[in-house]
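Engineer: only geometry, no sequence info:
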């Protein structure tokens, strides 16, 4: 029955080089075992102290074992080198194939270690902006806010961001504080329009909307600055001028707001200012003429 069973494939051949290495290995093992046996017999016959005898037996055993391992490494050195190169090639291929997954895990470790943001924070990565609703080892999910970086209303879209982005891209966290925050928005005007009236109207509207909680914001920011060792800016609303291009003047409004009410306060101020005032060039001419007339009457 066993005569019909082929134990090895017909094309299985062991090369002469491998046979030589196997023979050398067997000879080395036999020689080391014989030397160890002779050394152990010599120690047992010549060393009288039991403690010293045991110490010499253990040291000789370990020495011959190390000698045998070094001999095998020298015999199989070329094959081991080839095997090591194969293992390195496989490792490199694995890293290349799973590079994105490795970057995602690294990004997750980075954002956790640096505490870049938490659930509920509003963040921006590249052009992606929204409120964080979920975090995993590979991705972060946000509810998009926008469109653009100046609006604060949710679009209804869910965006899944690979954590690999957090390794190479900066993260903007718009939720530095938990109760009150600063909000900045810009209103552009032509140079010939009545931007002076707009500046006054925007500042008055901002002061009026912030008045109910301005003192609370002042105490909150002072406390936050003491806790974090920061020099907090003044909390009073302000309107500053910017000239990005010739012929245009931008009014930048900065005011304190309650967290979550940025868009609400901004829209209320803009609706109030633009519904109650006329900033056309004609209104500016009328204001200039009225001022000149008052000056002449005063003289």
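Structural biologist: Good, I have the coordinates. Quick caveat: nothing in here was measured; it's all calculated off a predicted structure.

Engineer: now do the biggest helix by length in the chain: which elements does it pack against?
Structural biologist: The helix that spans the most residues within the chain, counting by DSSP state H, is helix 16-46. Here helix 16-46 touches helix 50-75, going by 3 or more CB pairs under 8 Å, 6 or more residues apart in numbering; DSSP states H and E. Backbone N, C-alpha and C define where each C-beta goes, glycine included.

Engineer: and residue 241, which of the three is it?
Structural biologist: Under the three-state scheme (DSSP: H, G, I helix; E, B strand; the rest coil), residue 241 adopts strand.

Engineer: contacting residues for it?
Structural biologist: By CB atoms under 8 Å, 6 or more residues apart in numbering, residue 241 lies in contact with 199, 249, 250, 251, 252.

Engineer: mind running it again at 7 Å?
Structural biologist: Neighbouring residues of residue 241 by CB atoms under 7 Å, 6 or more residues apart in numbering: 249, 251.

Engineer: next one: residue 186
Structural biologist: 250, 251, 252.

Engineer: three-state assignment of the residue minimising distance to the centre of the chain?
Structural biologist: Taking CA atoms, centre = their mean, the centroid of the chain lies closest to residue 166, which sits 2.9 Å from it. Assigned with three-state DSSP, residue 166 falls in the helix class.

Engineer: and it, how close does it get to residue 108?
Structural biologist: In this view, residue 166 and residue 108 are 8 Å apart by CB to CB, to the nearest Å.

Engineer: before we move on, what about residue 120?
Structural biologist: Look at residue 120 and residue 108: by CB to CB, they are 18 Å apart.

Engineer: who has more neighbours out of those two?
Structural biologist: More neighbours surround residue 108 than the other of residue 120 and residue 108, with 21 against 10 (other CB atoms under 10 Å).

Engineer: for the helix or strand harbouring that one, buried residues please.
Structural biologist: Element membership of residue 108 [criterion: DSSP states H and E] is helix 99-114. Buried residues in helix 99-114, counting neighbours by 16 or more other CB atoms under 10 Å, are found at 103, 104, 107, 108, 111.

Engineer: before I go, just wanted to say thanks for your time.
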